[in-house]
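Enquirer: fold the following.
(chains A and B, ligands or ions: 2)
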Amino acid sequence: MFFGNITIDWNLAAKSFTPILMGGLKYTIPLAIASFIIGLVIAFTMAMCRLSSIKLLQWIARIYISIIRGTPLLVQLSIVYFGLPELGINISPVNGAIIALSLNVGGYAAEVIRASILSVPKGQWEAGYTIGMGYFQTLRRVIIPQAMRVSIPPLSNTFISLVKDTSLASTITVTELFRRAQEITATSYNFLLLYSEAAFIYWIFCFILSIIQNIIEERLDRYVAK
Amino acid sequence: MLSVQDLHKSFGDHHVLKGVDFSLDKGKVLVIIGPSGSGKTTVLRSLNLLEMPDKGSLKIGDANVLFGKRLSKKAVKQIRQKSAMVFQGYNLFPHRTVLENVIEGPVQVQKIDKQEAIQKAKELLEKVGLREHIDKYPHQLSGGQQQRVGIARALAIEPDLLLFDEPTSALDPELVGEVLKVIKALANEGWTMIIVTHELKFAEEVADEVLFMDQGTVIEKGQPSGLFHQPEHERTKQFLSRIR
Ligand SMILES: Nc1ncnc2c1ncn2[C@@H]1O[C@H](COP(=O)(O)OP(=O)(O)OP(=O)(O)O)[C@@H](O)[C@H]1O
Ligand SMILES: [Mg+2]
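Expert: Ligands and ions are numbered 1, 2, ... in the order given. Predicted coordinates for the structure are as follows:
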């Protein structure tokens, strides 16, 4: 059996752990947070366009969402980072990653936000109107707080996917978690060990995030009938 | 105080209101009765512009609108502020406590000082018998209690006109009385109200005037003593005998 020969290089494992983890803490997580926040702003705007009564806005949002969902993230990232310079727009790798990831989240989360707003019963809008609120005030005070409860689980999933998707930024030279592991394999050739280590750190990140997700959901649950 | 003229409303091909006219003086209670689908809810919702009529005019106090063309935001706001609706299904804000539900309009819309609004809301909640429940969430209350919060929320914005759409029809029979009692008390205090209800005994006690609707038109309008006991129209007679 060939398997018998495998020995784990514990020394390498220990030495590489910190740089890989630091790649995660310095790039992966900040990249994910920044892209998520910007992405949510885009998503909310697109959701409002989709819900608007103005046909033009509806179509802009539909086309945007369709393009984002219908093309691979790796291609989107490449267009932003390698393509835009041809138009004279030069961006740093980190900014390129943030732009592409934000646009991507914007497309996916738009539908989540739209669905969560639609899930709030029509009577809630009417209750807002009858006490004198306008459209945007009702949206802000009445609808969004309720829609948020509905959208937290799917948006958490979007965020967790995003954390993993940041690994694609390695292709545009961002020295995030996965890129660090790749760089070490260039001299040590220990793919199984180093990539497993990277996987392990991603998994820890996502595990912590799912715990945070549960805490938020429990807090938001307080007004829901048991 | 209120005058409605030639109100028309269609949903698609379905002509639901076919020229509804009536008026109401300040401090009076109007009860609207009629068979299911006759357009009672649509009339009530039109007064609060939750439904936009296709044609006709509406005057509440010093606010006037003519339907048919698109209304400005300002016109909508102006007429809407004159009345407040108490919904059949309560429609309380589930993410806010009882007190927060009641102060939402005064604080957020009318920009009244929060402490003042809380003081007033507590008095209103006292009046509807919910003083000890002010910090609960709607789902912790019975249907009758929720509907009384709904009434307090409507009262809090001090509208000129209160609208009730079958306020007790979603309630268990034993909870109906507590809500009707509150509405009667409001009538005695001189609130101007329009109530859609199937509770005929209550209607007779509370109404100054009764309006019978059928198929999108007003068939007859009169004092409860007359309309309930000697209706002029055959359709009114049939309706009353059917639901009695
Ligand atoms: N949003 C809507 N879209 C389409 N049709 C509607 C809508 N709202 C009401 N209708 C129709 O208009 C008619 C009148 O409805 P409305 O709710 O005003 O009657 P109602 O007198 O309140 O009846 P009920 O006693 O059953 O509450 C009904 O035929 C109803 O199906
Ligand atoms: Mg009705």
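Enquirer: use CA for all of it now, contacts and neighbours both
Expert: Noted.
Enquirer: spell out which residues of chain A are next to chain B.
Expert: Taking CA under 8 Å from any CA of the partner chain as the contact definition, chain A meets chain B at A:123-124, A:126-127, A:129-134, A:142, A:145-146, A:223-225.
Enquirer: of those, which is the most crowded?
Expert: Neighbour counts for the residues of chain A next to chain B (other CA atoms under 10 Å in any protein chain shown) peak at residue A:131, which has 30 neighbours.
Enquirer: would you mind confirming that that residue is in contact with residue B:157?
Expert: Yes - using CA atoms under 8 Å, residue A:131 is in contact with residue B:157, at 6.7 Å.
Enquirer: what do these two both touch?
Expert: Jointly contacting residue A:131 and residue B:157 under the rule CA atoms under 8 Å, 6 or more residues apart in numbering or on different chains are B:84, B:105.
Enquirer: gap between the residue nearest to the spatial centre of chain A and residue A:26?
Expert: The residue lying closest to the centre of chain A (CA atoms, centre = their mean) is residue A:162, at 3.1 Å. Applying CA to CA, to the nearest Å, the value for residue A:162 to residue A:26 is 16 Å.
Enquirer: next one: residue 115, what pLDDT does it get?
Expert: Using chain A here. On pLDDT, residue A:115 comes in at 97.
Enquirer: sorry, I should have been clearer: chain B.
Expert: So residue B:115 comes in at 97 (pLDDT).
Enquirer: so what's the gap between the helix or strand in which it is found and the chain middle?
Expert: Residue B:115 belongs to helix B:114-127 when assigned by DSSP states H and E. Centroid separation for helix B:114-127 versus its chain: 22 Å, with CA atoms, centre = their mean, to the nearest Å.
Enquirer: I'd like the next helix or strand past that helix.
Expert: Next element after helix B:114-127 (DSSP H and E): helix B:143-156.
Enquirer: alpha carbons only: can I get that following helix in PDB?
Expert: The C-alpha trace of helix B:143-156 is given here as PDB (Å, rounded to 0.1, in the frame of the first residue of the first chain):
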ATOM      1  CA  GLY B 143     -57.600  38.800  20.200                       C
ATOM      2  CA  GLY B 144     -59.800  41.100  22.200                       C
ATOM      3  CA  GLN B 145     -56.900  42.700  23.900                       C
ATOM      4  CA  GLN B 146     -55.100  43.100  20.600                       C
ATOM      5  CA  GLN B 147     -58.100  44.800  19.000                       C
ATOM      6  CA  ARG B 148     -58.300  47.200  21.900                       C
ATOM      7  CA  VAL B 149     -54.600  48.100  21.300                       C
ATOM      8  CA  GLY B 150     -55.700  48.600  17.700                       C
ATOM      9  CA  ILE B 151     -58.300  51.100  18.900                       C
ATOM     10  CA  ALA B 152     -55.900  52.900  21.200                       C
ATOM     11  CA  ARG B 153     -53.400  53.200  18.300                       C
ATOM     12  CA  ALA B 154     -56.000  54.800  16.100                       C
ATOM     13  CA  LEU B 155     -57.200  57.100  18.900                       C
ATOM     14  CA  ALA B 156     -53.600  58.200  19.600                       C
END
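Enquirer: ok and it relative to helix B:114-127, angle-wise?
Expert: On the basis of axes from the mean of the first three to the mean of the last three CA atoms, to 10 degrees, helix B:143-156 is oriented at 130 degrees to helix B:114-127.
Enquirer: what's helix B:143-156 in contact with?
Expert: With CA under 8 Å, 6+ apart as the criterion, helix B:143-156 contacts A:130-131, B:84-87, B:90-92, B:98, B:101-103, B:105-106, B:120-121, B:124-125, B:128, B:130, B:138, B:162, B:167-168, B:170-172, B:175-176, B:178-179, B:182.
Enquirer: wait, a strand at residue B:5?
Expert: Yes - according to DSSP: H, G, I helix; E, B strand; the rest coil, residue B:5 belongs to a strand.
Enquirer: sorry, back to before: ok, so of the residues of chain A next to chain B, who is nearest residue A:35?
Expert: Checking these against residue A:35 with CA to CA, the nearest one is residue A:145 at 22.6 Å.
Enquirer: isn't the closest one right up against residue B:95?
Expert: Yes - here residue A:145 reaches residue B:95: they are 7.4 Å apart, a contact under CA under 8 Å.
Enquirer: before we move on, the earlier item: can you tell me the closest non-neighbouring residue to the residue nearest to the centre of chain A?
Expert: Among residues not flanking residue A:162 along the chain, residue A:32 sits closest, at 6.1 Å (CA to CA, 6 or more residues apart in numbering or on different chains).
Enquirer: buried stuff in stretch B:74-86?
Expert: Within stretch B:74-86, the residues that qualify as buried are B:76, B:77, B:78, B:79, B:80, B:81, B:82, B:83, B:84, B:85, B:86, counting by 16 or more other CA atoms under 10 Å in any protein chain shown.
Enquirer: list the contacts of the second one.
Expert: To tie it back to what came earlier, the one meant is residue B:77. A:132, A:134.
Enquirer: that one sits in which helix or strand?
Expert: Applying DSSP H and E, one finds residue B:77 within helix B:73-80.
Enquirer: now do that helix: distance to the chain's middle.
Expert: For helix B:73-80, the gap between its own C-alpha mean and the chain's C-alpha mean amounts to 18 Å (CA atoms, centre = their mean).
Enquirer: and residue A:105, how far from residue A:179?
Expert: Distance of residue A:105 to residue A:179, computed by CA to CA: 22 Å.
Enquirer: so these two - more neighbours on which side?
Expert: Taking other CA under 10 Å, residue A:105 and residue A:179 do not tie; residue A:105 has more neighbours (27 against 22).
Enquirer: how about the nearest residue to residue 22, chain neighbours excluded?
Expert: Because you didn't say which chain, this covers chain A. Per CA to CA, 6+ apart, closest to residue A:22 is residue A:177, 7.3 Å.
Enquirer: please refer instead to chain B.
Expert: Nearest non-adjacent residue to residue B:22, counting by CA to CA, 6+ apart: residue B:4, 5.3 Å away.
Enquirer: mind listing what that neighbour touches?
Expert: B:20, B:21, B:22, B:23, B:56, B:57, B:58, B:59.
Enquirer: who does it bridge with?
Expert: Note on residue B:4: beta-bridge partners by DSSP bridges are residue B:22, residue B:58.
Enquirer: any low-confidence regions in chain A?
Expert: Scanning chain A with the threshold set as pLDDT under 70 gives A:1-6, A:222-226.
Enquirer: for residue 57, which residues are in contact?
Expert: Going with chain A. Each residue near residue A:57 by CA under 8 Å, 6+ apart is listed here: A:49, A:50.
Enquirer: hmm, I had chain B in mind actually
Expert: Counting by CA under 8 Å, 6+ apart, residue B:57 has contacts B:4, B:5, B:6, B:7, B:64, B:65, B:66, B:67.
Enquirer: and the contacts of residue B:4, which of them are buried?
Expert: So, by 16+ other CA under 10 Å, the buried ones in these are B:20, B:21, B:56, B:57, B:58, B:59.
Enquirer: so the strand or helix carrying the first one, near ligand 1 or not?
Expert: It refers to residue B:20. In this assignment (DSSP H and E), residue B:20 forms part of strand B:14-24. Yes - Strand B:14-24 lies within reach of ligand 1 by CA under 6 Å from any ligand atom, at residue B:16.
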